[in-house]
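Trainee: Sequence first, predicted coordinates after that:
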Amino acid sequence: MPRYVVTTEGSSKTSPRIVQQLTSKITYQDIAYDDESYRIMAVWQNSVETLLALGMGDRIIVAIGVPDSKYISKEYRAEYEKIPYKSMEVPDVESALLWEPDLIVGWYTTFQKDRLKSTDFWMSRGVHTYIASSSAESSLATVEGEYQYILDLGDVVNRKEKAEEIVHRIQQYVKAAKEYGETHPTQDTVIIIEPAGRQFGVYDDDTLGGKMIEEIGGNLLGDVGETINIEELIDLNPSVIFVVLQEDDYEHQDEIIQRLYDNATLQHIDAIRDHRVYGIPLFMVYSAGVRIYDGLDIMIRGLYPNFEGKDYK
């Protein structure tokens, strides 16, 4: 297994890849990687797909948290299917130890005592870990933070150039869309909601989804509280609505949106009247990794329907 080294001044290591990363205690350490990983556990979809995008498909031995292979990008789906063990449930520590991973990539919650134990636990056994920063603190959930996540994992698995290429493509697409918005200014207002019984949860400008809208030049209705009811949604009268879908609702996107269109009380909302309601899966707006591209793409095409910019994917 590769050694897990906390760097210190005066280290004699020659050109290790240094990654500043989170621990279970929400502190940062500079970790040196001087080998490659060959037995990777990837927990949750951002980890799985970002590693697949970096060309690590043949090194992932465990993939956790993807409801079905059809939710994996088509370009990575064949590689995903080859992963030996796939599940929606985080395994117990004993099972994880038996798999003998040399790298575990997951969320902050992955490395808690009721899940896979702490990063220190794995460090003491010579196993690398990497936590997505955006899963630990909302203040770290930014577009730039997702870019950094991709770049960090590129360093961790020694695929720096591929990571830079992925990030550059996303940045170029965002830049083109933002420039389009500046030359074709719009008064359209945007809200991101998540159905919650008789109310809607709202993604404000402190969430990754909200920051994605702002990144492409949209006018986010974000300062409206954590939840709103139908009457408040009517009063806000958004021009564009993005509906975030939880895992159980991925299959029911069309039905959920159609119910909004058919709701008699919502007919005076601009987004309903103009049929500008768009579904967006949770994995594209929360700790998204490479799938931030797809989330941004849905938002760009919803906000700028006449934008014919080049597809940078």
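Mentor: Sure, I can see it. Residues are numbered from 1 along each chain as shown.

Trainee: any idea how far residue 297 is from residue 277?
Mentor: Here residue 297 is placed at a distance of 17 Å from residue 277 (Cβ to Cβ, to the nearest Å). Backbone N, C-alpha and C define where each C-beta goes, glycine included.

Trainee: residue ranges with poor pLDDT in the stretch 1-150 of the chain?
Mentor: For the stretch 1-150 of the chain, the stretches with pLDDT under 70 are 1-15.

Trainee: Let me see the ranges of the strands in it.
Mentor: Ranges of strands in the stretch 1-150 of the chain, per DSSP state E, counting those that start in this stretch, are 5-6, 17-22, 28-33, 40-43, 60-64, 85-87, 103-106, 128-131.

Trainee: Neighbouring strands - and their directions - for the fourth one?
Mentor: Neighbouring strands of strand 40-43 in its sheet, by DSSP bridges, are strand 60-64 (parallel), strand 103-106 (parallel).

Trainee: That one: how far from the chain's middle?
Mentor: From the chain centre to the centre of strand 40-43 is a distance of 15 Å (Cα atoms, centre = their mean, to the nearest Å).

Trainee: now swap in the second one and tell me
Mentor: Between the mean C-alpha point of strand 17-22 and the mean C-alpha point of its chain there is a distance of 19 Å (Cα atoms, centre = their mean).

Trainee: Give me the helices and strands touching that strand, please.
Mentor: If you count contacts as 3 or more Cβ pairs under 8 Å, 6 or more residues apart in numbering; DSSP states H and E, strand 17-22 packs onto strand 28-33, strand 128-131, helix 143-156.

Trainee: what's the angle between it and helix 143-156?
Mentor: 130 degrees (axes from the mean of the first three to the mean of the last three Cα atoms, to 10 degrees).

Trainee: what comes up buried for strand 17-22?
Mentor: 17, 18, 19, 21, 22 (16 or more other Cβ atoms under 10 Å).

Trainee: Understood, closing this out.
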